[in-house]
Structures are given as structure tokens and as C-alpha cells.
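What would the 3D arrangement of this be:
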Amino acid sequence: MQILKAEQCDLHKILQLQYSAFSGEAKMLNDYSIPPLHQTLTEIEYEYANGVMFKAVDSTDKIIGSVRGFTKDNTLYIGKLIVCPKLQGRGIGRGLLDEIESLYPHHRYEIFTSSKSFRTLKIYEERGYQRFKEETFPYATIVHMEKHPCTKAT
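Below you'll find the predicted structure:
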């Protein structure tokens, strides 16, 4: 696996992978109205133009994961950390998270996930993230987590 900055020409494939990755989340929540399943190419192009985006590729250059984020007021807001469902649990997500954090070593980091995504919550907590806020939406309760520059992963 190799982690590289995503390119504009990757956005369609990343969006398709996002739909695949979040389909499992939607099934778990029994709600296919979750926003990542309805994001458009125009919206992901906006995120690409206004932030940073990485892709994880396999030995054949197939995109197998991605993460994106943007900074505001000394905080890196990390979003849509995705890994091909068949390849989850192999450290790809952790590698992507480490890579995006390494660009902003002195920033606070913020990320979120569903309260029912126990595996994802565990990964974030192992990486030093702590819960600080919950929001309830029709489709899920969202747990917001933060990590400060001094926090080390376990």
C-alpha cells in the first residue's frame, strides 16, 4: 500500500469507494439517507479544492482508501476516512489518518462518526482521540472526537 495526495482525476473513483464504504454504515443504521451516500461529484470537487485529500493505493494503483480534511482556526477537520470494505482491518485507515495528521502537526484534530460504529470509535480512541460532543440526527447519533497535538496514540 502507498499513500499519496489525491489528484482531481481520482475524485470520481474516490466518490464510488465512498458509496461502497458507507453502504455498510447505512445498513448497520438501517438508514440509506446518510449524507456520504448522497454526496455529488461537484461537492467532492469543492472539498478537494478547499482542503487536502489523500488516497491509499494498492500495488496495481487501485484506490483502496481515502481521507480528506480542511483547516480552520488551528483545527484540522478530518472527514470521510474510507477504506474498501473488503480490506478493512489491515491498517489502511490508520495509515491515512497518520498521513493527514502529519501535515498539520501543531493543530488540534477533529473527527466524527456514528455512535454505533464501535470499531471506528475504538480506532479513533486508540489514536488518541477523545469524545467531546454528541449530536442527534434522524439517521444517527454522531460522536465528535478531538485530539490535541500533545496527545500520543496508544
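
Which is the succeeding secondary structure element to the lengthiest helix in the chain?
The single longest helix within the chain, with elements called by DSSP state H, is helix 11-29. Remark: after helix 11-29, the chain's next helix or strand is helix 41-49, criterion DSSP states H and E.

Between helix 11-29 and that next one, find me the angle.
Inter-element angle recorded for helix 41-49 and helix 11-29: 110 degrees (by axes from the mean of the first three to the mean of the last three CA atoms, to 10 degrees).

and the very next helix or strand once past helix 41-49, what does it pack onto?
Using DSSP H and E, the next helix or strand after helix 41-49 towards the C-terminus is strand 52-57. Strand 52-57 is packed against strand 2-5, strand 63-72, helix 92-102, with contacts defined by 3 or more CB pairs under 8 Å, 6 or more residues apart in numbering; DSSP states H and E. Heads up, the C-betas are built off the backbone N, CA and C, glycines and all.

If you count neighbours, what's buried in the first one?
Within strand 2-5, the residues scored as buried using 16 or more other CB atoms under 10 Å are residue 3.

Quick check: neighbours of that strand in the sheet, parallel or antiparallel?
Note on strand 2-5: by DSSP bridges, its sheet partners are strand 52-57 (antiparallel).

For the partner strand, which outside residues touch it?
Residues external to strand 52-57 that are found in contact with it (CB atoms under 8 Å, 6 or more residues apart in numbering): 1-6, 10, 14, 47, 63-70, 83, 92, 95-96, 99-100, 103.

Write a PyMOL command that selects only the buried members of these.
Restricted to buried positions by 16+ other CB under 10 Å, the PyMOL selection for the contacts of strand 52-57 reads:
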select buried, resi 3+6+10+14+47+63+64+65+66+67+68+69+83+92+95+96+99+100
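
circling back to that earlier point, make CSV from the helices and strands packed on strand 52-57 and add mean pLDDT to it.
CSV is the format used below for those (pLDDT from 0 to 100):
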stretch, mean pLDDT
strand 2-5, 97
strand 63-72, 97
helix 92-102, 95
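
Mind checking those for the one nearest to residue 18?
strand 63-72 (7.3 Å; CB to CB).
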